[in-house]
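S.K.: How does the following fold in three dimensions:
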Amino acid sequence: MRKILGLAIVALLTFSFSGVNAQNYKFGHINSQELLKAMPDRDSAEVKIRKYAESLQEQIEQLQVEFNKKYQDYLQKRATFTDAIREMKEKELTDMQQRAQEYQQVAEQDYQRYQAETMKPVIDKADEAIKKVAKANGFTYIFDTSSGVLLYFSEQSIDITPLVKKELGITK
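M.R.: Sure thing, here's the model as predicted:
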């Protein structure tokens, strides 16, 4: 009986202390996508990414033009080819088409890698500013409202976007 009573008292004290601690939490929120859009560093990163994508697209288009030329040439001369040459030309076209498709897949992967590498410093800078503002203002948690997962936040949650923009020197 004493053991049960002792556990009940310990549980009661634990819950009462955790209730006191819960009242000391300070919650904030930020829309990280909005913040990233406002960062000037993002604009220059976007320009680099766009140029890289354009160069990849040009190379893909060159491969397609080359394939189309060879295919048109094949269609025009097909009747003059022997069976062996026609088979060889068809295999050449099939191989060329496969290489173009493989190149396109590799180009997409390269684009995603380049995009991630180019945006990483911008994202890291925003993350550092968020952490600095959160620490300086005593926030326990900062929630990102841009993820679409946050179902509710009360008016007691503070929007730290203006503070982080100020930390980053963004005036707009």
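
S.K.: separation between the spatially most central residue of the chain and residue 44?
M.R.: Closest residue to the average C-alpha location of the chain: residue 116 at 6.8 Å, with CA atoms, centre = their mean. Applying CB to CB, to the nearest Å, the value for residue 116 to residue 44 is 16 Å. From N, CA and C alone the C-beta is placed, and that goes for glycine too.

S.K.: which SS class is the residue lying closest to residue 158 once chain neighbours are set aside?
M.R.: Nearest residue to residue 158 in three dimensions, chain neighbours excluded: residue 28, at 4.6 Å (CB to CB, 6 or more residues apart in numbering). Of the three states, residue 28 takes strand under DSSP: H, G, I helix; E, B strand; the rest coil.

S.K.: Does residue 28 touch residue 139 like I think?
M.R.: Yes. Between residue 28 and residue 139 there is a contact under CB atoms under 8 Å: 4.6 Å.

S.K.: and for those two, which residues touch both?
M.R.: Applying CB atoms under 8 Å, 6 or more residues apart in numbering, one finds that residue 28 and residue 139 are jointly contacted by 158, 160.

S.K.: can you tell me the average pLDDT over the longest helix along the chain?
M.R.: Longest helix of the chain, by residue count under DSSP state H: helix 83-136. Per-residue pLDDT over helix 83-136 has a mean of 95.

S.K.: Give the next helix or strand downstream of that helix.
M.R.: strand 141-144 (DSSP states H and E).

S.K.: Walk me through which strands that following strand pairs with, and which way each runs.
M.R.: When pairing is defined by DSSP bridges, strand 141-144 lines up against strand 27-30 (parallel).
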